[in-house]
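Undergrad: I need the structure of the sequence given here:
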Amino acid sequence: MSTINHNLLTSENLHEPKGVDTADIDKVYISDGAGSGSWLRYTTMGWEDYQHAGADQTGLASGVPTVVANDGAGVYSNTVGALPGSTGIWDTATSSFDFAAGNCKLGDTIDLRVDLTYTVSTNNDNMKLELKLAVGDPAEFSVTIDERNIDTAGSQSVMRFISFYIGSNAVLNNPGQITITPDSAGDDISVNGWYIRTIPLVPVAT
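TA: Numbers count the residues shown, from 1 in each chain. Predicted coordinates:
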């Protein structure tokens, strides 16, 4: 009886991978490094959208960073696209990012789009919007989202997009906050909301 090596089989004699008959659609076979594996689905991107429904923040103090609130209670809030395992990358109770709760890992990239309105009470006001990361840790630092000098009293709509990566455990395991700092007293801020996209360095398999 002759034998045929698998590498010599022609296409009509090849069989499907083990377990394909019961694998769900869009799943791929992922080896476990121990001679076997599982049929799993790779997720390469997640997104969450939080719309604010609460009151504007009014009478901001001059020169003092104020945490920008977003209660996520708006009807257009949507987390259906969150990464598998995420329980909410935005903590609506504390108005802060919780990257660990969002099932983020070191090296993941975060894209952030903010949508809000400044209202200044006097001419020639400066407004600085920042993202603070690793809040409460000695490694805390800030990234500027938007800074502008507003020549005339009134309102200006602001939509900004920034991208950053989680480069340390301090960022991953501590809150992130969005703050606003005016250089004049009595200014206001109205938040529409923000969209957060997470791109894992290593795709999430479920």
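Undergrad: The chain - how does it break down into domains?
TA: Recorded structural domains for the chain (assignment: automatic domain parsing) are 6-40, 45-205.
Undergrad: Mean pLDDT lowest where, among those?
TA: Taking each of these in turn, the lowest mean pLDDT turns up on domain 6-40, with a mean of 69.
Undergrad: Which other helices and strands does the host helix or strand of residue 110 contact?
TA: When secondary structure is defined by DSSP states H and E, residue 110 falls within strand 109-120. Applying 3 or more Cβ pairs under 8 Å, 6 or more residues apart in numbering; DSSP states H and E, one finds that strand 109-120 contacts strand 125-133, strand 141-150, strand 154-165, strand 187-199. Yep, even glycine has a C-beta here, placed from its N, CA and C like the rest.
Undergrad: Mind listing what's buried along it?
TA: By neighbour count on 16 or more other Cβ atoms under 10 Å, the buried set for strand 109-120 is 110, 112, 113, 114, 115, 116, 118, 119, 120.
Undergrad: give the contact list for the last one.
TA: I take that to be residue 120. 127, 150, 153, 154, 155, 156, 182, 184, 187 (Cβ atoms under 8 Å, 6 or more residues apart in numbering).
Undergrad: Please determine how far the closest residue to residue 44 other than its chain neighbours is located from residue 192.
TA: Nearest non-adjacent residue to residue 44, counting by Cβ to Cβ, 6 or more residues apart in numbering: residue 203, 4.8 Å away. According to Cβ to Cβ, to the nearest Å, residue 203 stands 31 Å off from residue 192.
Undergrad: try residue 179
TA: As judged by Cβ to Cβ, residue 179 and residue 192 stand 17 Å apart.
Undergrad: Can you list the buried residues in stretch 63-80?
TA: 65, 66, 67, 68, 69, 70, 71, 72, 74, 77, 79.
Undergrad: How about stretch 77-95?
TA: 77, 79, 81, 82, 83, 86, 88, 89, 90, 91, 92, 95.
Undergrad: Help me confirm that the second one comes into contact with residue 46.
TA: It stands for residue 79. No: with contacts counted by Cβ atoms under 8 Å, residue 79 stays clear of residue 46, the gap being 9.1 Å.
Undergrad: what touches both of the two?
TA: Counting by Cβ under 8 Å, 6+ apart, the contacts common to residue 79 and residue 46 are residue 86.
Undergrad: residues in contact with the residue nearest to residue 176 when sequence neighbours are not counted?
TA: Using Cβ to Cβ, 6+ apart and skipping residues adjacent in sequence, the residue nearest residue 176 is residue 97, 3.4 Å away. Applying Cβ under 8 Å, 6+ apart to residue 97 gives the contacts 89, 90, 91, 175, 176, 177, 196.
Undergrad: do the same with residue 147
TA: Neighbouring residues of residue 147 by Cβ under 8 Å, 6+ apart: 126, 127, 128, 129.
Undergrad: close enough to count as contact, the last one and residue 162?
TA: No: between residue 129 and residue 162 there is no contact, the gap being 10.0 Å when judged by Cβ under 8 Å.
Undergrad: Perfect, that will be all.
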